[in-house]
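*Asks:* Just a sequence and a predicted model for now, questions to come.
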Amino acid sequence: MRWRDSSGRRRSKRFGDDERTARIFDEAVNDVGKTDRKVAAKLPGAGGGVYPYETKQGTRWRYVARRSDGTLTSKRGFTSARAARDAKRRLTEKVERGELRHTKHTFGSWWREWLPRRKPYLEPGSWANYEVHGRKRLLPVLESIRLERLDDGPLNELVDVLAEQIDAEELGPKTANNALGTLVVCLSGAVKEKLIPRNPALEIERFPLGHVEREYLRLSEIPTYLSCCSDLYRPLAEVLVRDGLRISEAIALQIEDLELDDSGGAIVVYRSHKRSANHKTVVGSTKSDKFRRVEVGPRQSLMLREHLAHRATQPGGDSPKAHVFVMPARTTKRSTGRWEGAGAWGPMDRNTVSRDWHKAALIEAGLRHMPLHALRHTAAAAWLASGNTLAYVQHQLGHANITTTQRYYGHLERNVLAAGAAITEEQIERLTGLAA
């Protein structure tokens, strides 16, 4: 059965197969015609988008207002025209101030619209990380939630799910924080498109990372490791160990990036080698998208100048744009280099360096297993052990924020400071003894 009430709204009620009950109800309820509705609209307080309607409990009021997307919305149940009008005014003011936005987008629909837009502006690896975080961690919890309803409730549920996965050791805190960072970037795009007034994900507290002990070569192990490197790998290994470059940055170095003289010099890091979506190596920006100068000492400068002199005798090695570290063609399965089909004297392959040359040097030196990236940590530990500050390490490694350096290497600096305190005490005691 259907009828129209005093506010003009169509109402309906189902009775199944019970026709008699439906007819009795029909006799008790009468449609309110347009004339009657006009009369109701003339009640005190009506007008301005506020309308009365009749219920069993008496006259109730509703308002009709325009939302930020241009559509109309209505809310019922007010006991007075004034209450309805005040509620409408508060809603209208929020819309006008931009504090309330209405959209039909769910998080899932916005994610699928936003992610392809970002692809031209991101490195292939960054875009792939966004896609994985969205598919595995964000969409399973937030996909059906309307953007305008993304508040503490849904976001707390997401945090709870990530926390459970961390407790079950299915997910690391850093990965969970990266997923939350992806959510922040996505919702910032929604704010820019004026779909939501603010980004609620900015208020989510990140998971504590705790201290993770990173493997590295101790000072006494560095000469042993380098002496076990092959002649082809040795110059690159020295740059990784002594200068702290990432492998992707080191193999992308060009001759013009080196500024060397007898007193030392610098390696200017402009670019890095990365994997594209089709697993091919491409030249891209550094991890922080900024270039940096890595200072080198006289001994390192001499080693690099000798290497460049040798590089000049190789094909294409006299060009400023030539790669510093290259691989010859491989002639046998056991020889070093790249297969002839891949082209000779091209940049070194990071997988060959990591899986073959670095691994072979560790075995030859009788050292424990550690990833190639541990050589970057080795450089940081050596700088700190030599009395340099965390700020110096931050500059050399190219960390955008000192807190990153503190989190990775702060415990090493404390060891250096403790050793310095002990040395100071010994000096004071020695001088005190002499004075006595």
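*Replies:* That came through, no problem.
*Asks:* so where is the stretch 1-150 of the chain shaky, pLDDT-wise?
*Replies:* 1-11, 23-47, 67-70, 94-103 (pLDDT under 70).
*Asks:* Which parts of it are helices?
*Replies:* Secondary structure of the stretch 1-150 of the chain (DSSP state H, counting those that start in this stretch): helices located at 19-28, 34-41, 81-97, 107-118, 124-133, 139-142.
*Asks:* Dump the ones you listed to a markdown table, plus distance to A380.
*Replies:* Any C-beta I mention is one placed from the backbone N, CA and C, and that applies to glycine too. Shown next, in a markdown table, are the helices of the stretch 1-150 of the chain (distance: least, C-beta to C-beta, whole Å):
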| stretch | distance to A380 |
| --- | --- |
| helix 19-28 | 81 |
| helix 34-41 | 76 |
| helix 81-97 | 49 |
| helix 107-118 | 32 |
| helix 124-133 | 23 |
| helix 139-142 | 37 |
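*Asks:* want to throw those helices into TSV with distance to H323 and mean neighbour count?
*Replies:* Putting the helices of the stretch 1-150 of the chain into TSV (distance: least, C-beta to C-beta, whole Å; neighbours: other C-beta atoms under 10 Å) gives the following:
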stretch	distance to H323	mean neighbour count
helix 19-28	85	11
helix 34-41	81	13
helix 81-97	57	16
helix 107-118	31	17
helix 124-133	21	17
helix 139-142	41	16
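*Asks:* Relative to Y63, which of these is closest?
*Replies:* The closest of the helices of the stretch 1-150 of the chain to Y63 is helix 81-97. By C-beta to C-beta, the value is 3.9 Å.
*Asks:* Which secondary structure elements does that closest one sit against?
*Replies:* strand 50-55, strand 58-66, strand 72-78 (3 or more C-beta pairs under 8 Å, 6 or more residues apart in numbering; DSSP states H and E).
*Asks:* Mind listing what's buried along the longest one?
*Replies:* It refers to strand 58-66. R60, W61, R62, Y63, A65 (16 or more other C-beta atoms under 10 Å).
*Asks:* Quote the end-to-end distance of stretch 125-140.
*Replies:* Length of stretch 125-140, first residue to last, C-alpha to C-alpha, to the nearest Å: 22 Å.
*Asks:* what's the offset of that stretch from the middle of its chain?
*Replies:* Stretch 125-140 sits 10 Å away from the centroid of its parent chain (C-alpha atoms, centre = their mean, to the nearest Å).
*Asks:* who's in contact with that stretch?
*Replies:* Here stretch 125-140 makes contact (C-beta atoms under 8 Å, 6 or more residues apart in numbering) with 107-108, 111, 115, 118-119, 122, 158, 161-162, 171, 176, 178-179, 182-183, 185-186, 274-275, 277.
*Asks:* Need the buried residues of strand 58-66 in CSV (columns: distance to R376).
*Replies:* What follows is the buried residues of strand 58-66, written out as CSV (distance: C-beta to C-beta, whole Å):
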residue, distance to R376
R60, 70
W61, 69
R62, 65
Y63, 63
A65, 59
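*Asks:* With respect to G48, which of those is nearest?
*Replies:* G48 has its nearest neighbour among those in Y63, at 8.6 Å by C-beta to C-beta.
*Asks:* which ones are touching that closest one?
*Replies:* So, once contact is read as C-beta under 8 Å, 6+ apart, Y63 ends up touching G49, V50, Y51, S74, K75, F78, A84, R85, A87, K88.
*Asks:* Nearest to L384, out of the residues you listed: which one, please.
*Replies:* Of all these, L384 sits closest to A87, with 62.2 Å by C-beta to C-beta.
*Asks:* give the contact list for that closest one.
*Replies:* With C-beta under 8 Å, 6+ apart, A87 has these contacts: Y63, K75, F78.
*Asks:* which of those residues lies closest to G410?
*Replies:* Looking across these and measuring by C-beta to C-beta, the closest to G410 is K75, at 54.6 Å.
*Asks:* beta partners for the closest one?
*Replies:* Assessed by DSSP bridges, K75 has beta-bridge partners Y63.
*Asks:* which residues sit in contact with it?
*Replies:* Counting by C-beta under 8 Å, 6+ apart, K75 has contacts R62, Y63, A84, A87.
*Asks:* Not counting sequence-adjacent ones, nearest residue to G410?
*Replies:* Leaving aside its chain neighbours, G410 sits nearest to L390 (7.0 Å; criterion: C-beta to C-beta, 6 or more residues apart in numbering).
*Asks:* need the contact list for the one you found.
*Replies:* L384, I402, T405, Q406, Y409, G410, E413.
*Asks:* Next step: those residues restricted to helices.
*Replies:* Under the assignment DSSP state H, these contribute L384, I402, T405, Q406, Y409, G410, E413 to helices.
*Asks:* show me where the stretch 151-300 of the chain has strands.
*Replies:* For the stretch 151-300 of the chain, strands defined by DSSP state E, counting those that start in this stretch occupy the ranges 258-261, 264-269, 271-275, 281-285, 292-296.
*Asks:* ok, and the closest non-adjacent residue to W111?
*Replies:* G134 (5.5 Å).
*Asks:* Count the residues that sit near the one you found.
*Replies:* 23 (other C-beta atoms under 10 Å).
*Asks:* And for the closest residue to R85 other than its chain neighbours, the neighbour number?
*Replies:* Nearest non-adjacent residue to R85, counting by C-beta to C-beta, 6+ apart: V50, 5.1 Å away. Neighbour count of V50, defined by other C-beta under 10 Å: 23.
*Asks:* V50: what's it in contact with?
*Replies:* The contact partners of V50, by C-beta under 8 Å, 6+ apart, come to W61, R62, Y63, A81, A84, R85, K88.
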